[in-house]
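K.L.:
Got a predicted structure here, sequence first:
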Amino acid sequence: MGWIAEFAGHGLARFLTTPVRRNTQVSTTTQEQLAAVLQPADVLLIEGNTRISVPIKYLTQSTWSHAALYIGDALPAREPWQLPLTLIEADLEEGIRGVTLAHYAYMHTRICRAVNLSDEDRRRVVEYAVTRIGQQYDLKNVLDLARYLFPMPPIPTRYRRRMLTLGSGDPTRAICSTLIAQAFQSVHYPILPEVRREWLDNPTYADFYAEIYRVRHHSLLVPRDFDISPFFQIIKPTIVNGFDYHSLTWDDAM
């Protein structure tokens, strides 16, 4: 039965990765602007324009359906006439792979940057992702998403995240956000941890408590979590180096 599920998963993956013709999203940043400000270990969130983007955005109640990790020049140079592979992502059909920045040039994106991440840990995060190129996407997760394609009652909010985390749990497989989450967790950098407060058992500090951080399992993290994380900074290329609205040229013709 395993091969049947695998075959069905591949077929469904091809269907879900088909771009939707009617796409109203607007790219707010050019490829050149992205390239000018991206740093290794930055997370690039993508709105997405494929069939699978719709259920992911619905289930997570978010604009973002996909995430990729910027790796700079970590991959070996290809042919001189080819663009460098500067992003690593988990693709439904091809698994974990490198892609060019141009791959998402015309899509709505957002840069999320880990605050105060050391240069050494930044290198380790990138290395973690690079060494996993070639691993496969968790197709069992895709089969779980298939439920969205069929008529069903509305999904309660408390169950939506769980629907995205019903994969096989095989460590050699990943979905886009779990790959990146594992990379950051490998250097103990927080994304959206669970925080438990414990009062200090010390009469000298009767009004003080300790915050105990617990790592949220990587399978429970989705693209939007990098956006709302209090430990990631949102980088907007159009304003990061200064912005003067007086310099804009407006077309006043009505």
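P.N.:
Looks like it came in fine.

K.L.:
CA only for contacts and neighbour counts going forward, please
P.N.:
Noted.

K.L.:
Could I get the CA-only coordinates of stretch 177-189 as PDB?
P.N.:
Coordinates of the C-alpha atoms in stretch 177-189 are reproduced here as PDB (Å, rounded to 0.1, in the frame of the first residue of the first chain):
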ATOM      1  CA  SER A 177       8.800  25.600   6.600                       C
ATOM      2  CA  THR A 178      10.000  22.600   8.600                       C
ATOM      3  CA  LEU A 179      13.300  22.400   6.700                       C
ATOM      4  CA  ILE A 180      14.000  26.000   7.600                       C
ATOM      5  CA  ALA A 181      12.800  25.500  11.200                       C
ATOM      6  CA  GLN A 182      15.100  22.600  11.600                       C
ATOM      7  CA  ALA A 183      18.000  24.700  10.300                       C
ATOM      8  CA  PHE A 184      17.500  27.400  12.900                       C
ATOM      9  CA  GLN A 185      16.700  24.900  15.700                       C
ATOM     10  CA  SER A 186      20.100  23.300  14.900                       C
ATOM     11  CA  VAL A 187      21.800  26.400  16.300                       C
ATOM     12  CA  HIS A 188      19.100  26.900  19.000                       C
ATOM     13  CA  TYR A 189      17.700  30.000  17.500                       C
END
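
K.L.:
Number the residues from 869 up from this point.
P.N.:
Okay, residue one is now 869; in that scheme the one you just asked about reads as stretch 1045-1057.

K.L.:
Quick check: buried residues in that stretch?
P.N.:
For stretch 1045-1057, the neighbour count (16 or more other C-alpha atoms under 10 Å) marks 1045-1053, 1057 as buried.

K.L.:
same thing with stretch 895-907?
P.N.:
Quick answer for stretch 895-907 (16+ other C-alpha under 10 Å): 897-898, 902, 906-907.

K.L.:
swap in stretch 915-924?
P.N.:
Residues 915-924 are the ones in stretch 915-924 that count as buried (16+ other C-alpha under 10 Å).

K.L.:
Check stretch 933-949 too.
P.N.:
Going by 16+ other C-alpha under 10 Å, stretch 933-949 has these buried residues: 933-940, 942-943.

K.L.:
Could you give the number of residues near residue 984?
P.N.:
Close neighbours of residue 984, defined as other C-alpha atoms under 10 Å, add up to 10.

K.L.:
Could you look up the SS state of the nearest residue to residue 1002 once chain neighbours are set aside?
P.N.:
Once flanking residues are discounted, residue 1002 sits nearest to residue 964: 5.3 Å by C-alpha to C-alpha, 6 or more residues apart in numbering. At residue 964, secondary structure determined by DSSP: H, G, I helix; E, B strand; the rest coil is strand.

K.L.:
Run through the residues that contact residue 964.
P.N.:
956-958, 1000-1005, 1042 (C-alpha atoms under 8 Å, 6 or more residues apart in numbering).

K.L.:
Dump the residues you listed into a markdown table; add pLDDT, secondary structure and neighbour count as well.
P.N.:
Shown next, in a markdown table, are the contacts of residue 964 (pLDDT from 0 to 100; DSSP: H, G, I helix; E, B strand; the rest coil; neighbours: other C-alpha atoms under 10 Å):
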| residue | pLDDT | secondary structure | neighbour count |
| --- | --- | --- | --- |
| 956 | 95 | strand | 28 |
| 957 | 92 | strand | 27 |
| 958 | 87 | strand | 30 |
| 1000 | 91 | coil | 18 |
| 1001 | 92 | coil | 16 |
| 1002 | 89 | coil | 15 |
| 1003 | 85 | coil | 16 |
| 1004 | 77 | strand | 20 |
| 1005 | 66 | strand | 25 |
| 1042 | 54 | strand | 29 |
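
K.L.:
Name the member of the residues you listed with the shortest distance to residue 981.
P.N.:
Of all the contacts of residue 964, residue 956 has the smallest distance to residue 981: 15.5 Å, by C-alpha to C-alpha.

K.L.:
Which residue is the nearest non-sequential neighbour of the closest one?
P.N.:
Here the residue nearest residue 956, using C-alpha to C-alpha, 6+ apart, is residue 966, at 4.5 Å.
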